[in-house]
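Peer 1: Below is the structure, and that's it, no one-letter string:
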């Protein structure tokens, strides 16, 4: 039986130890460069505006504090509604998710949601778009720059200021309303 040679094993162990030390040192230097880190919620996959965030939509990531946006990070976004489209990889910010879930979560304080029936003249709109609601007894803009909070086959639900909601509801009941899509602000 040949004698065992401990030298190759010792060299292999020393080489692995050296590689480990180099990798750890590189991580330490990188951490020192970026400073302290923080665990934050990050969008796991693209999410459309109006979607209630589920556990599969959000993951936790460790991000350098210096790389975080200058805005409040959402503390627990799962179960809250996305106010705007969210892109995979972005940090979930409190201002980009509603304080609650579902349609009510998309309606800001001081606003009311009113469903406007769709017609063949209704433009293609999505949650988050802004529209002027036109019509009423005296033709004009009943609700300027209303925010679209829901869309289905029969209606488009818009959020309007509380003071505008009764006038809009009367126009809707009178069957004299149409939507005009508002373009981006310049």
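Peer 2: Alright, I've got the coordinates. A quick note: this is a predicted structure, and the numbers were derived from the prediction, not measured.
Peer 1: Now the element after the longest helix seen in the chain, going C-ward?
Peer 2: Using DSSP state H, we find that the single longest helix of the chain is helix 6-34. Going down the chain from helix 6-34, the next helix or strand is strand 37-43, by DSSP states H and E.
Peer 1: Where in the chain is the helix or strand with the lowest mean pLDDT?
Peer 2: helix 6-34 (a mean of 76; mean pLDDT, DSSP states H and E).
Peer 1: Does it pack against any helices or strands, and if so which?
Peer 2: Identification of packing neighbours for helix 6-34 by 3 or more Cβ pairs under 8 Å, 6 or more residues apart in numbering; DSSP states H and E yields no helix or strand. Any C-beta I mention is one placed from the backbone N, CA and C, and that applies to glycine too.
Peer 1: just the angle between the longest helix of the chain and strand 37-43, please?
Peer 2: Here the directions of helix 6-34 and strand 37-43 differ by 80 degrees (axes from the mean of the first three to the mean of the last three Cα atoms, to 10 degrees).
Peer 1: Quick one: classify the closest residue to residue 132 other than its chain neighbours as helix, strand or coil.
Peer 2: Nearest non-adjacent residue to residue 132, counting by Cβ to Cβ, 6 or more residues apart in numbering: residue 180, 4.4 Å away. Following DSSP: H, G, I helix; E, B strand; the rest coil, the label given to residue 180 is strand.
Peer 1: Lovely, talk soon.
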